[in-house]
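>>> coords below, sequence missing:
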C-alpha cells in the first residue's frame, strides 16, 4: 500500500511509547533560583512529556522498521518510532520522504538510503545529511531542526568538509556518523498563530516594543507621542548594541575547524 507523505500523520498513534518518555519537571519559566526573571518572554505552556530520542543510533547493523511518525512538543521536527528485529524500540528524527513501513539501518555497512546512519568515511561526496556528530560516539548535534540539511563537500585527511545549513564550511572528524537525507516537517516555519493564546500554549509570553515603554524601563522609551528611539542604532534593555552586532567570542576552541564563516540563509 502506497502512503503519501501528506497523510502519514493520520497513521501515527495518539500517545507516545510509554517507556521511551519521561517527565519534564524542571520548567523555570525564565527565572533563576531567587525567582528573578533572567530570560524574558517565557512562561506558562502546556505540560509536556519528554521523548527520549536516539541521536547516537545505538542499534548497529540491525534492521529497523518505521512504525509511526509522531508529533514531538519538545522540537519542531517530527519523530519516528523504530522497531528493530531484536525487539527493541527507539525514537529517531523523522527524515523527509520516509513513510511508515520503510526499513532503516545504522552502521558502516548501511547503504546510502534515506534514514540510514553511517560514518562520514563511508558517505560519498555530495550527499545530503543531517543529525551529524561532532565527536565520535557523542550523538548527533548538528542539523537537527525541522527542514535542516547539510552537505558533504570534500574529504581531507582525517576530516570531512561539511556545508552546514547556515552556509558555514566546517571540518568534522571523518569517523563521526551522520544520517542520510533531510529532516522532515519542512513547513514548520510556515505555521500561523491565529491568536495570542496559541503562543501561550507553547510557553511564550507576549513581547512589548521598547519604544512604547517608559524611559525607566527601556533606553528606547520615553518621549511624547510616536517619537523615535533617539539613538543612532537600536540597543537592548541593558544598553548593548543589537540588530547586526556580532556576539560570538573572538577566540573559541572551534575556530580551527571553521573554513568559512556563516552566511545569510538562502
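It's in. What you see is a predicted model, and the numbers here were worked out from it, not measured in a lab.
>>> in stretch 144-155, what's buried?
Neighbour counts over stretch 144-155 (16 or more other CB atoms under 10 Å) mark 144, 146, 147, 148, 149, 150, 151, 152 as buried. Every residue, glycine included, has its C-beta placed from N, CA and C.
>>> can you get me a residue count around the closest residue to residue 259 other than its chain neighbours?
Closest residue to residue 259 apart from its sequence neighbours, by CB to CB, 6 or more residues apart in numbering: residue 169 at 4.1 Å. Neighbour count of residue 169, defined by other CB atoms under 10 Å: 18.
>>> one step back: out of the buried residues of stretch 144-155, what pair is the most spread apart?
For the buried residues of stretch 144-155, the farthest-apart pair by CB to CB is 146 and 152; their separation is 20.9 Å.
>>> quick one: the helices in the stretch 151-266 of the chain, in order.
196-201 (DSSP state H, counting those that start in this stretch).
>>> which helix or strand contains residue 124?
In the assignment (DSSP states H and E), residue 124 maps to no helix and no strand.
>>> any idea which of the buried residues of stretch 144-155 is closest to residue 161?
For the buried residues of stretch 144-155, the nearest to residue 161 is residue 152 (7.6 Å; CB to CB).
>>> these two touch, right, that closest one and residue 160?
Yes - using CB atoms under 8 Å, residue 152 is in contact with residue 160, at 6.1 Å.
>>> which residues do the two both contact?
Residues within reach of residue 152 and of residue 160 at once, by CB atoms under 8 Å, 6 or more residues apart in numbering, are residue 120.
>>> what's the span of stretch 59-75, first residue to last?
Terminal residues of stretch 59-75 lie 23 Å apart, using CA to CA, to the nearest Å.
>>> to clarify, my last question referred to stretch 107-123.
End-to-end for stretch 107-123, by CA to CA: 11 Å.
>>> centre of the chain to it, how far?
Its chain's C-alpha centre and that of stretch 107-123 lie 21 Å apart, by CA atoms, centre = their mean, to the nearest Å.
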